[in-house]
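> A structural model of the following input is requested.
(one chain, ligands or ions: 3)
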Amino acid sequence: MAAAFRFADRMLAQLDALGRISEHSDFLLRTFLTPEQKAAHEQVAQWMREAGMDVEQDTAGNVVGRYAGAGADAPVLMLGSHLDTVRNAGKYDGMLGVIAPIACVADLHRRGVRLPHAIEVVGFVNEEGTRFGSPMTGSRAIAGTFDPAMLQARDRQGVSMGEAYKAFGLDPDRIGACARPPGKVAAFMELHIEQGPVLEHNNLALGVVTAISGARRHRVEIVGLAGHAGTVPMGQRQDALLAAAEVALCIERRCTGTPTLVGTVGMMEALPGAMNVIPGKAVFSVDIRAGDDATRDAAIDDVLGELAAICGRRKLQHSVTELYRSTATPCHPALMQMAEDAIRAQGIDTMRLPSGAGHDAATMADLCPIGMIFMRCTRGISHNPLEAVLPEDVELATTALLRFVEDFRPVR
Ligand code: HGY
Ligand code: MN
Ligand code: MN
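Numbers count the residues shown, from 1 in each chain. Ligands and ions are numbered 1, 2, ... in the order given. Below is the predicted model:
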């Protein structure tokens, strides 16, 4: 059967194939430094080679494809996104932004086109932070901002990131060696599904991102006293989980009603975790983000104050560990304009919108000018296997990205 599209048919088949590389048979989970990461990266490396790129795994574990420019020391236009997933993920978050630039380079290669700039396509590791809590490892390594202290972060089995790097066959002491020298990368552009409802609400396939929200992630431990569920009177308990539940509701109250401010408790564990034991310990995550850092930080200060008050009232101990902090990051105006021109060249309308989600692009802003193109996703659903896209949007996104790549000029 003839392909309906120039790009989308093959791309959707590739995204389906990647969506089948999972740590679980009944849902998509592909985390950092696992055999599934290795399998996905090997598959992407093969597609990069077929597209005419030289491919390597860098010292952080990113898979990097390179398509030389017309001149030897041509500036580099870097494209890409992440290949790791959240738990029970959709198959487009991240992966679309790797498969699309590979399709663009394959088209240039087929036509024998060499541009004034070299192109690098990166499949980043660990943008989500699902395994160790600390995210953005691959893009931080390339941007030169990786913090070796993150190697101490441990997964649920108690394995540290440093130990996992060694078990994967990489040297944790050399992660920073893949950092690009300042000035070498002229720009970074990331295509990503919007993961929200705005484009669909405006009946648009593609949007130009103006800025990326800044997030802070914390791990909170509350310690009370485990006890017998049947014998300890309600007024004499030191129930750690009930304190955690109060804090979660306080986060909801504090983060409701302020534009761009959002707060989420995505993980919560009652320990020791038995039906007839009063939880002596509770461990939970706090993810608070906003369009500007001051709004976000004020909310976090209030929540941490409430946490201390709740634990004081309930005679509990608590500890807070910050796992991650990113600052709200604007996209470069010149790249926004180039992206907008490339989209409009497809004969469609577009809009500019902020990103509430975090992205590798925000990390890359420490290295070079950044831009992002958003593609509509069905009902704005993401971080959920219901994540879905329209083939015609995939086609439009890829032709627009190719136009951006061909028309790209380094920004001054
Ligand atoms: O958390 C985020 O915004 C992204 O999915 N890592
Ligand atoms: Mn995500
Ligand atoms: Mn993503």
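> Do a quick rundown of the strands in the stretch 201-350 of the chain.
Applying DSSP state E, counting those that start in this stretch to the stretch 201-350 of the chain gives strands spanning 206-212, 214-223, 227-228, 262-264, 268-271, 277-278, 281-290, 317-325, 329-330.
> so which of these gets nearest ligand 3?
With C-beta to the ion as the measure, strand 206-212 is the member of the strands of the stretch 201-350 of the chain nearest ligand 3 (10.9 Å). C-betas here are computed from N, CA, C, even on glycine.
> Quickly check: the closest one near ligand 1 or not.
No - in terms of C-beta under 6 Å from any ligand atom, no part of strand 206-212 sits within range of ligand 1; the closest distance is 8.8 Å.
> what angle separates that strand from strand 281-290?
110 degrees (axes from the mean of the first three to the mean of the last three C-alpha atoms, to 10 degrees).
> Mind checking if strand 206-212 is in reach of ligand 3?
No - among the residues of strand 206-212, none lie within reach of ligand 3 under C-beta under 5 Å from the ion; the closest is 10.9 Å away.
> residues from the protein in reach of ligand 3?
Residues of the chain lying close to ligand 3 (C-beta under 5 Å from the ion) are 93, 94.
> can you list the strands of the stretch 201-350 of the chain in CSV and add mean neighbour count?
Putting these into CSV (neighbours: other C-beta atoms under 10 Å) gives the following:
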stretch, mean neighbour count
strand 206-212, 23
strand 214-223, 21
strand 227-228, 12
strand 262-264, 18
strand 268-271, 16
strand 277-278, 18
strand 281-290, 22
strand 317-325, 14
strand 329-330, 18
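> got these as TSV, with mean pLDDT columns?
Output for the strands of the stretch 201-350 of the chain, formatted as TSV (pLDDT from 0 to 100):
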stretch	mean pLDDT
strand 206-212	98
strand 214-223	97
strand 227-228	98
strand 262-264	98
strand 268-271	98
strand 277-278	98
strand 281-290	97
strand 317-325	96
strand 329-330	97
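> what's the closest of those to residue 349?
Residue 349 sits nearest to strand 206-212 of all those, at 9.2 Å, using C-beta to C-beta.
> For the stretch 1-150 of the chain, give me the ranges with low pLDDT.
For the stretch 1-150 of the chain, the stretches with pLDDT under 70 are 1-2.
> The stretch 101-250 of the chain: helices as residue ranges?
137-143, 161-168, 198-201, 240-255 (DSSP state H, counting those that start in this stretch).
> Quick check: which of the ones you listed is nearest to ligand 1?
The closest of those to ligand 1 is helix 137-143. By C-beta to the nearest ligand atom, the value is 10.8 Å.
> helices and strands around the closest one, which ones?
Judged by 3 or more C-beta pairs under 8 Å, 6 or more residues apart in numbering; DSSP states H and E, helix 137-143 is in contact with strand 118-124, helix 360-364.
> okay, the ones you listed in TSV with mean neighbour count next?
Output for the helices and strands packed on helix 137-143, formatted as TSV (neighbours: other C-beta under 10 Å):
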stretch	mean neighbour count
strand 118-124	27
helix 360-364	28
